[in-house]
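1. Sharing a sequence plus its predicted fold:
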Number of protein chains: 2
Amino acid sequence: MELQLVNEGRRGPYAAKRLSEFAERCRRGGLAVTPQRLAIIKVLLDSDEHPRADAIFTAVRIQHPHISLATVHRTLETLCDIGEARKVTMLHDGARYDGNTTPHHHVVCVRCRRIRDIEILRLDRLLAGQSALGEFTVIGSSLEIHALCDECGSKRAKTNRTKQPRG
Amino acid sequence: MELQLVNEGRRGPYAAKRLSEFAERCRRGGLAVTPQRLAIIKVLLDSDEHPRADAIFTAVRIQHPHISLATVHRTLETLCDIGEARKVTMLHDGARYDGNTTPHHHVVCVRCRRIRDIEILRLDRLLAGQSALGEFTVIGSSLEIHALCDECGSKRAKTNRTKQPRG
DNA sequence: AACTAGATGATAATTATTATCATCTAGGTT
DNA sequence: AACCTAGATGATAATAATTATCATCTAGTT
């Protein structure tokens, strides 16, 4: 089978392993291992809901009533920076619109957020044959390729990584 | 070639065709053909930048100094509703995070925004062999499959389409 | 135990988007 | 051509997510 829903049953052991390695990965990333960070990664690893910051905040507050929402936002971005988490959609500084309604996909520069259209006929063909996925009825799809454009690549080489707004 | 950047040169004739059909498509969608809508679709079709609402607002204001930003936002969403435009990222009500850092993709219910992970090994293999795309150096990628979950599908059948927040 | 770079909490500020509502108009009818 | 009305617009307020600021605190080192 080409496309398949990930078996949620596997998440338990996966989360345990990730958590056991977390402290070391923080150190490797130059980050302090704080109770807040541990609590946040724990909640994130235990969730299968791809939660928003506020949902994680709510969950973490049960054990850490004094944690700040700002800390949750900051920590989630930090975790993404060191590769310990991933933002499902990275373009969250504002909605972007496209007048091209023919099937196509996008390359996005992770730094300047420039977007260009791409065609992947084989992917479109693969997806055309997939009208359902478990309990989901497929409507359409869009591949987002994360990239660094040449201009930003050379800038990055010079300047020391300036954090991008909104992430 | 599997992946290729869309040739921007083709956009001129495409935009002209889309614009010529726009009035009819509005009527078909039950929408009035207003000068504001014409101005907005024109700007969108002429742009290759996948612009934000505020950029479209700025461009449209040259010819329509009295247009409101709210109209631009509303119109863009309306155009998406009737299939005359597309939002590059549809998840714009808040960032969603994922603790699973292994390569995988997502199915999203366009109504309730539930997300589930999917595996598409063939796509991952296809992308693994692609380290550059024109002026872009590939970092990673994520396929977002838009779908309707069974629960929302049956709801939609009953209730008359309630507009989703934020779109 | 002392030190300090970096982390946190509290809160203000910013920004994108949506809601509200009075007014206006596209597109049909008379 | 004047008239009607559902729907569209403009102006502005409200909402909500995220980021900035800054005083305080603490993880990890000395």
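-> Thanks, I have it.
2. quick one: is stretch A:48-57 near DNA strand C?
-> No - Stretch A:48-57 stays clear of DNA strand C (Cβ under 7 Å from any atom of the strand), getting no nearer than 9.7 Å. Backbone N, C-alpha and C define where each C-beta goes, glycine included.
3. and the end-to-end length of that stretch?
-> 16 Å (Cα to Cα, to the nearest Å).
4. what's that stretch in contact with?
-> Contacts with stretch A:48-57, where a contact means Cβ atoms under 8 Å, 6 or more residues apart in numbering or on different chains, come from A:8, A:11, A:40, A:43-44, A:47, A:59, A:67, A:69, A:72-73, A:76, A:88, B:94-98, B:106, B:114-116.
5. Give the pairing partners of the longest strand that chain A contains; include direction for each.
-> Counting residues, the longest strand found in chain A (DSSP state E) is strand A:136-149. Note on strand A:136-149: by DSSP bridges, its sheet partners are strand A:105-109 (parallel), strand A:132-133 (antiparallel), strand B:136-149 (antiparallel).
6. which of the residues in the last one are buried?
-> Within strand B:136-149, the residues scored as buried using 16 or more other Cβ atoms under 10 Å in any protein chain shown are B:Phe136, B:Val138, B:Ser141, B:Ser142, B:Leu143, B:Glu144, B:Ile145, B:His146, B:Ala147, B:Leu148, B:Cys149.
7. average pLDDT for the longest strand of chain A?
-> Averaged over strand A:136-149, pLDDT sits at 92.
8. residue ranges with poor pLDDT in chain A?
-> Scanning chain A for pLDDT under 70 picks out A:1-2, A:155-167.
9. who's the spatially most central residue of chain A bridged to?
-> Central residue of chain A (Cα atoms, centre = their mean): A:Lys87, 2.0 Å from the mean position. Beta-bridge partners recorded for A:Lys87 (DSSP bridges): B:Tyr97.
10. and the longest helix anywhere in chain A, which residues are buried?
-> What stands out as the longest helix in chain A, according to DSSP state H, is helix A:11-28. For helix A:11-28, burial by neighbour count (16+ other Cβ under 10 Å) applies to A:Arg11, A:Ala15, A:Arg18, A:Phe22, A:Arg25, A:Cys26.
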